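> sequence plus predicted model, see below.
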Amino acid sequence: MKKALKLITTYFLILIIGLLFGTIMYSFYLNVINFVAGTENVLFSFSELARSGIYVAYCLIFLICPVISYYRLRHVAGFSQIIAYVIICFFTWLVLFPGVYSLDKLYEKYSSEVDATTYLSKGFFRPGDEKVYFFTKDLENKNDYSPNTVVIDTSENGEVTFENIKDDFNLELNRLSEPYREIQIKKSFHMRGNSIPVNFKVLIYIAKRNFSESFLSYLAFLSLAVSICILFCFSTFFEWRLINTTFIFFMTSLILSVNTFYYSYAFLPFKNKLTDNRFFDMLGKYISDPLIFVANNLFTLVFVIIVIVRFMAKKHKNKDR
């Protein structure tokens, strides 16, 4: 019983520490992302901290149960610990997520601070692919059609022009610097390489959408939560802790990656082909994303079968001794 209570205590400690540390780090990240040369950089504004805290809280909801599974690797207890973990999972997705969602909507409704766009400032040379831009005034996208930018074409037969530039998505600098605001910041911080296949912003958006639609849609989305939560059974599955650790990490990453990829444009043609039948048409009348619902339940079913087979084999082995 003591270890079960300790599991719950550890859960709340991880939530609190993770929320505080994650909010601070994500606020720094937002500052770097939105920084524009020549403008005042305000750290830890209420608006930024609130947005960071809500986003980090959503991310922790997806990750906290696998983290608790890691805790059990070194603190194995009896049936009471399993009951405590089940309570934790229910609390996370049926109490904590709705609570964070309510705070999110409340912040959007009553926030007095408007997230103002920081426009590119004047007085700096900003290199594009084959052009260098020098703004003679801040780009505030007002109805001003007078020239505001010296554009230096660095190609072989390039020339210097004086043009009117708008700070919108079509601007080369904005496309090249995405997700940063400054191209030089991206060159300083951005590292080339493969991006992480898990996109929490996509998963959070889908979770919020399903929750706002209906309780049935949210329950269908919780197939993802169940497939992750059941990995707790694998914290003592193998004899070696390192294998258990690796397996939980790999399967958590795989499940979140599959759910992220499902909502990507690259998977859309395959999704349309796979769901073009009566079964998914029928299922689609009740839930938003029937294919990923089935996929997550298949993950869960495979995990349950593996655990049952392992349990029966271990019980049979003990009888033979």
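Arrived safely, thanks for sending.
> pLDDT score for residue 245?
pLDDT, the model's per-residue confidence, is 89 for residue 245.
> am I right that it is in a helix?
Yes: assessed by DSSP: H, G, I helix; E, B strand; the rest coil, residue 245 belongs to a helix.
> number of nearby residues for it?
16 (other CB atoms under 10 Å). (Each C-beta comes from the backbone N, C-alpha and C, glycine too.)
> ditto for residue 87
Neighbour tally, residue 87, other CB under 10 Å: 14.
> repeat that for residue 225.
Quick note: residue 225 (other CB under 10 Å) scores 22 neighbours.
> poorly predicted segments of the stretch 101-250 of the chain, please.
112-117, 141-144, 189-195 (pLDDT under 70).
> what about the helices in it?
172-177, 183-189, 200-213, 215-229, 241-262 (DSSP state H, counting those that start in this stretch).
> okay if I get those helices as TSV plus distance to residue 12?
TSV is the format used below for these (distance: least, CB to CB, whole Å):
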stretch	distance to residue 12
helix 172-177	40
helix 183-189	34
helix 200-213	22
helix 215-229	17
helix 241-262	21
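> most tightly surrounded among those?
Highest mean neighbour count of those: helix 215-229, a mean of 20 (counted as mean count of other CB atoms under 10 Å).
> with only the CA atoms kept, save that helix in PDB.
Taking Å, rounded to 0.1, in the frame of the first residue of the first chain, the C-alpha atoms of helix 215-229 are listed here in PDB:
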ATOM      1  CA  PHE A 215     -18.000  12.700 -25.100                       C
ATOM      2  CA  LEU A 216     -18.200   9.800 -27.500                       C
ATOM      3  CA  SER A 217     -15.700  11.300 -29.800                       C
ATOM      4  CA  TYR A 218     -13.400  12.000 -26.900                       C
ATOM      5  CA  LEU A 219     -13.800   8.400 -25.700                       C
ATOM      6  CA  ALA A 220     -12.800   7.200 -29.200                       C
ATOM      7  CA  PHE A 221      -9.700   9.400 -29.000                       C
ATOM      8  CA  LEU A 222      -8.800   7.800 -25.700                       C
ATOM      9  CA  SER A 223      -7.900   4.700 -27.600                       C
ATOM     10  CA  LEU A 224      -4.500   6.400 -28.000                       C
ATOM     11  CA  ALA A 225      -4.400   6.900 -24.200                       C
ATOM     12  CA  VAL A 226      -5.200   3.300 -23.500                       C
ATOM     13  CA  SER A 227      -2.500   2.000 -25.900                       C
ATOM     14  CA  ILE A 228       0.100   4.100 -24.100                       C
ATOM     15  CA  CYS A 229      -1.200   3.500 -20.600                       C
END
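> hmm, who's touching that helix?
Contacts of helix 215-229 from elsewhere in the structure, counted by CB atoms under 8 Å, 6 or more residues apart in numbering, are 62, 65-66, 85, 89, 92-93, 203, 206-207, 210-211, 252, 255-256, 259, 286-289, 292-293, 296-297, 299-300, 303.
> please repeat the previous calculation with a cut-off of 7 Å.
65-66, 89, 93, 206-207, 210-211, 252, 255, 259, 286-288, 293, 296-297, 299-300 (CB atoms under 7 Å, 6 or more residues apart in numbering).
> just give me how far it sits from the chain centre.
Put simply, helix 215-229 sits 16 Å off its chain's centre (CA atoms, centre = their mean, to the nearest Å).
> that helix vs helix 241-262, what angle?
Angle between the axes of helix 215-229 and helix 241-262 is 150 degrees (criterion: axes from the mean of the first three to the mean of the last three CA atoms, to 10 degrees).
> spatially central residue for the chain, please.
residue 200 (1.2 Å; CA atoms, centre = their mean).
> that one contacts residue 59, correct?
Yes: counting by CB atoms under 7 Å, residue 59 is a contact partner of residue 200 at 5.0 Å.
> check this structure for its longest helix and report it.
Assignment by DSSP state H gives helix 2-34 as the longest helix of the chain.
> helices and strands around it, which ones?
helix 46-72, helix 79-91 (3 or more CB pairs under 7 Å, 6 or more residues apart in numbering; DSSP states H and E).
> out of those helices, indicate the one that is most buried.
For the helices and strands packed on helix 2-34, the highest mean count by mean count of other CB under 10 Å goes to helix 46-72, at a mean of 19.
> I'd like the distance from that one to the chain centre, please.
That offset, for helix 46-72, works out to 10 Å (CA atoms, centre = their mean).
> mind listing what's buried in stretch 278-294?
Along stretch 278-294, these residues count as buried under the neighbour rule (16 or more other CB atoms under 10 Å): 280, 283, 287-294.
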